[in-house]
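**Student:** Here is the input, now give the coordinates:
(2 chains)
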There are 2 protein chains.
Amino acid sequence: MDRVAAYLRQHQQEHLDWLIDLCRIPSISTKPEHKGDVAAAVRWTRDLLARLGFDARVCETGGHPLVYAERCAHAGAPTYLVYGHADVQPEGDLRLWDAGPFDPVVKDGKLICRGAADDKGQFLVHVRAAAAWLEVEKRLPINLKFLIEGEEEISSPHLVPFIQQHTDLLRCDHILVSDTGMYADGWPTITYGTRGLLYKEIRLTGPKHDLHSGGFGGTIANPANVLAKLIATLHDADGRVSIPGFYDDVTELPPAEREQLRGLPLDDVQYAAGLGSPRVCGEPGFSTNERRWTRPTLDVNGIYGGYAGEGANTILPARAGAKVSMRLVPNQGGEKLSAQFDQTIRARCPDTVRLEILDHGVCDAYVAPLDSTPLHAARRALRESFDREPALIRAGGTLPILPAFKRVLGADSLLLGFAGPDCAAHGPNENAVLEDLDRGAAAVARLYGYLAP
Amino acid sequence: MDRVAAYLRQHQQEHLDWLIDLCRIPSISTKPEHKGDVAAAVRWTRDLLARLGFDARVCETGGHPLVYAERCAHAGAPTYLVYGHADVQPEGDLRLWDAGPFDPVVKDGKLICRGAADDKGQFLVHVRAAAAWLEVEKRLPINLKFLIEGEEEISSPHLVPFIQQHTDLLRCDHILVSDTGMYADGWPTITYGTRGLLYKEIRLTGPKHDLHSGGFGGTIANPANVLAKLIATLHDADGRVSIPGFYDDVTELPPAEREQLRGLPLDDVQYAAGLGSPRVCGEPGFSTNERRWTRPTLDVNGIYGGYAGEGANTILPARAGAKVSMRLVPNQGGEKLSAQFDQTIRARCPDTVRLEILDHGVCDAYVAPLDSTPLHAARRALRESFDREPALIRAGGTLPILPAFKRVLGADSLLLGFAGPDCAAHGPNENAVLEDLDRGAAAVARLYGYLAP
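**Tutor:** Sure thing, here's the model as predicted:
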């Protein structure tokens, strides 16, 4: 174990170079023009795993491809499946980035680029741990499988069918995932629950083209004004989501868990200041951690319509739209709420505009058992590598694959997060703290050892 | 008079070539990168007027330049000042244009390009009429001045100071403007009133950069959600503007004028269908013509924030904003409402986001006398050239210069509109009907004759 750890220390630069190479590939799965880049990132991952001694292959899925790799030498040992993703979010507004999103920069001990934290830097922690075992011991202590996909950021449309068609190949005792965050700087963190997601787009059309707002204003509906009214109906004055039935299936948190979450340090003033927001707010009666991890929400992710350039353009826009997503909690059925959302919007939209509702994905929440063998082993490995008792938290984000793994393979997931609290995943200047990735690789290498029979 | 008319008929193609030349210049005054193009359009106009025999010059204003030209040979004759503008609106969404906005195309008797109707095609009607008189009679029947500016589409910020500094130069008995529309295809139209404009931009800032909507949704305010709520408060359920005091200074229309406006044919179903809108709507208790010409309105001209590309991006946006403009009617003070708008928005905006309000222009409404000599002469000239009694209407749009001419020069304005009802000013595929421009030039040539002492 010590030699494995030493190897990882000695090869930090080499492993950083792997990550930089991979982050240079703009594998944005949501944009059709980056289709080839997603495939390139998947091939890059396959090549690395093959070089390390895994039986690795690229698998087509009908959408973006994925990598499957395995090294299962021990008949009696447990089998772990590492899940991660090689695709990334769009770069967003380039003016908000200090450097190109796909030109990785190391600064102040951080790697800054799209994918540094979500998820290229994190899934490579497992590859690095495996590489160290294989280089030092010429074997892995457990059976290990990798499933690195290219569609996580578009809600993994082809992954569940792939898993359903390859249940034998993917059979395992437990899933390992590193695609979550650390509760605080340098604080190793196990995430045992994620929220679900229901993502919609509302599109309103008024006149057939943009009109002169002087010539026509006041005579027909303005889609942007109607859109604002419609969006405004989605929250009540208190900040609760105003879709009929939205909270019907939400269960109360067990008192012990509520207690434990409230025990995690969080200063609302510092939290808001750190994000640059004037103050925290949201659904009344819940702490900030409860709101972001255990309560459902509704957010406009984007809104558009008419002239958004400099200065003034006096048009009555032909179209306006909004991307609206809801985060769901355990027991809230995504499909049921999807229908409820559509019905609500249709009922509230006036007949002065034409309405179209697009679906951009739906996924249920997931909560893992808190008393499993892998969880105990992970707490120990993290404690030893980071010199600190790990935090046990839930996450506000969504990992669509977790409920699917449970459903199709019957396997629960262990989420070890190495993204810092300021990692800016999905935003500009996404980054990863290199020391956290290094300690993470050491912790995962230990974990593999502790999981051996 | 007949020879002048004949000359115009014989030179239609030459005059169309003038217009096409001018429309090739992308003189978008709102975009800094087109500054040189606005100046080029102004120089082009100066050169044409000089060639025709006017004393023409380009004048700097501190912003975009303008053209002043005059030919005032008759000591005893009245002096008319033709006002127009050589700048244009932005092109908007290029995908909605059938051809390049600055690549003029003639199709089905129409010239299609930005500026064809607003206002290059229209001010050239006066230049064509003057050219015909000068070529045929070697003189003009009246004293004629031209003032063609480059900042109309950005609310003419430097024109009023220019007029104030050049009252002697610009002294005149009446203003002539062609920058309005025709009530119906081929129906010559005199516009005797315009609405004012108050243009604002609301900008909301939440977190310092876009955040992961899963990780942070539900804990701080989402600027796009707050913006929608804010915009939604600006109209009540009936469609009236909900800014305190907004209607306080609005005067009732005189019964005779209301009667006359209601006498103009307008089929609401056809009107909406022509625009591609499901149906008319707006402030209750007023006809469509009353709403668009004589009632104040509030429209979102653009709304933006977060991700507006294809597919899904799960961010909580750092910023959101809306361009909001109000059309004002006579007696509504723009400056007073500007302060009222700001105060209302500030009072309604929650402290969970940061608010900034930008000013993009303010201008009062204008109504001309209905019994002036030039108006009667224009009715006759239009009737003879178009074989139809002209319509007398108001316009919903804004000509910032009209109230300024009245205030500074003491001169009223006569508005002769030659833009067709489907001209799509400010929108994609802006166009002008060539026959209307040709008959317009003939009518204006007659008008000059009738205005002679």
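**Student:** drop to CA atoms for contacts and neighbour counts, all remaining ones
**Tutor:** Will do.
**Student:** need the residues of the stretch 1-150 of chain A near chain B, please.
**Tutor:** A:30-31, A:89-90, A:92, A:96 (CA under 8 Å from any CA of the partner chain).
**Student:** just the buried members of those?
**Tutor:** A:30-31, A:89-90, A:92 (16 or more other CA atoms under 10 Å in any protein chain shown).
**Student:** SS state for the closest residue to residue A:140 other than its chain neighbours?
**Tutor:** Using CA to CA, 6 or more residues apart in numbering or on different chains and skipping the chain neighbours, the partner closest in space to residue A:140 is residue A:133 (5.8 Å). Three-state assignment for residue A:133 (DSSP: H, G, I helix; E, B strand; the rest coil): helix.
**Student:** in the stretch 151-300 of chain A, which spans are helices?
**Tutor:** A:159-165, A:167-170, A:213-216, A:223-232, A:255-263, A:268-275, A:288-294 (DSSP state H, counting those that start in this stretch).
**Student:** Would you mind getting the angle between the longest one and helix B:223-232?
**Tutor:** Between the direction of helix A:223-232 and that of helix B:223-232, the angle (axes from the mean of the first three to the mean of the last three CA atoms, to 10 degrees) works out to 110 degrees.
**Student:** quick one: contacts of helix A:223-232?
**Tutor:** A:204-206, A:305-306, A:317-322, A:345, A:348-350, A:353, B:225, B:227-229, B:231-232, B:299-303 (CA atoms under 8 Å, 6 or more residues apart in numbering or on different chains).
**Student:** Try it again at 7 Å.
**Tutor:** Here helix A:223-232 makes contact (CA atoms under 7 Å, 6 or more residues apart in numbering or on different chains) with A:204-206, A:305, A:317-321, A:348-349, A:353, B:228-229, B:231-232, B:299-300, B:303.
**Student:** So what does the residue lying closest to residue A:160 once chain neighbours are set aside have for phi and psi?
**Tutor:** What sits nearest to residue A:160 in space, not counting adjacent residues and going by CA to CA, 6+ apart, is residue A:404, at 6.5 Å. Here is the backbone geometry of residue A:404 (degrees, to the nearest 10): phi -70, psi -40.
**Student:** Surely residue A:404 touches residue A:159?
**Tutor:** No - between residue A:404 and residue A:159 there is no contact under CA atoms under 7 Å: 9.0 Å.
**Student:** and the two? which has more neighbours close in?
**Tutor:** residue A:159 (24 against 21; other CA atoms under 10 Å in any protein chain shown).
**Student:** roughly how far apart are that one and residue A:228?
**Tutor:** 36 Å (CA to CA, to the nearest Å).
**Student:** now do residue A:57
**Tutor:** 48 Å.
**Student:** The two: who's more crowded?
**Tutor:** Between residue A:57 and residue A:228, residue A:228 has the larger neighbour count (other CA under 10 Å), namely 26 against 18.
**Student:** Distance of that one relative to residue B:229?
**Tutor:** Residue A:228 is 7 Å from residue B:229, by CA to CA.
**Student:** any idea of the mean pLDDT for stretch A:153-162?
**Tutor:** For stretch A:153-162, mean pLDDT rounds to 91.
**Student:** all helices for the stretch 351-453 of chain A, in order.
**Tutor:** Under DSSP H, counting those that start in this stretch, the stretch 351-453 of chain A gives helices at A:373-386, A:401-408, A:434-450.
**Student:** so how many other residues sit close to the closest residue to residue A:1 other than its chain neighbours?
**Tutor:** Once flanking residues are discounted, residue A:1 sits nearest to residue A:446: 6.7 Å by CA to CA, 6+ apart. Using other CA under 10 Å, residue A:446 has 25 neighbouring residues.
**Student:** How about residue A:35?
**Tutor:** With other CA under 10 Å as criterion, residue A:35 counts 18.
**Student:** and it, what does it touch?
**Tutor:** Counting by CA under 7 Å, 6+ apart, residue A:35 has contacts residue A:29.
**Student:** Quick check: pLDDT value at residue A:104.
**Tutor:** So residue A:104 comes in at 98 (pLDDT).
**Student:** Let me know whether it touches residue A:20 as I believe.
**Tutor:** Yes - Residue A:104 is within contact range of residue A:20, at 6.1 Å (criterion: CA under 7 Å).
**Student:** for the stretch 301-450 of chain A, which spans come out with low pLDDT?
**Tutor:** Applying pLDDT under 70 to the stretch 301-450 of chain A picks out no residues at all.
**Student:** Show me what from it comes close to chain B.
**Tutor:** A:301-308, A:311-317, A:327, A:352-353, A:360, A:395-398, A:424-428 (CA under 7 Å from any CA of the partner chain).
**Student:** Buried among those? Make that a PyMOL selection.
**Tutor:** Selection of buried members from these for PyMOL, criterion 16+ other CA under 10 Å:
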select buried, chain A and resi 301+302+303+304+305+306+307+308+311+312+313+314+315+316+317+327+352+353+360+395+396+397+398+424+425+426+427+428
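**Student:** Looking at the residues of the stretch 301-450 of chain A next to chain B, which are in strands?
**Tutor:** A:301-306, A:315-316, A:327, A:360 (DSSP state E).
**Student:** Out of these, which comes closest to residue A:7?
**Tutor:** Distances from residue A:7 to these, taken as CA to CA, are shortest for residue A:327 (41.3 Å).
**Student:** Check the gap between the nearest residue to that closest one once chain neighbours are set aside and residue A:235 for me.
**Tutor:** Nearest non-adjacent residue to residue A:327, counting by CA to CA, 6+ apart: residue A:197, 4.6 Å away. Using CA to CA, residue A:197 is found at 17 Å from residue A:235.
**Student:** what about those two, which has more around it?
**Tutor:** residue A:197 (29 against 18).
**Student:** and the gap between that one and residue A:280?
**Tutor:** Counting by CA to CA, the gap from residue A:197 to residue A:280 is 22 Å.
**Student:** Now do the domain split for chain A, please.
**Tutor:** A:2-194+A:365-450, A:205-250+A:296-363 (automatic domain parsing).
**Student:** JSON lines for those domains, including distance to residue B:15?
**Tutor:** What follows is the domains of chain A, written out as JSON lines (distance: least, CA to CA, whole Å):
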{"stretch": "domain A:2-194+A:365-450", "distance to residue B:15": "46"}
{"stretch": "domain A:205-250+A:296-363", "distance to residue B:15": "27"}
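**Student:** Nearest to residue A:274, out of those?
**Tutor:** That would be, of the domains of chain A and by CA to CA, domain A:2-194+A:365-450, which comes in at 8.5 Å.
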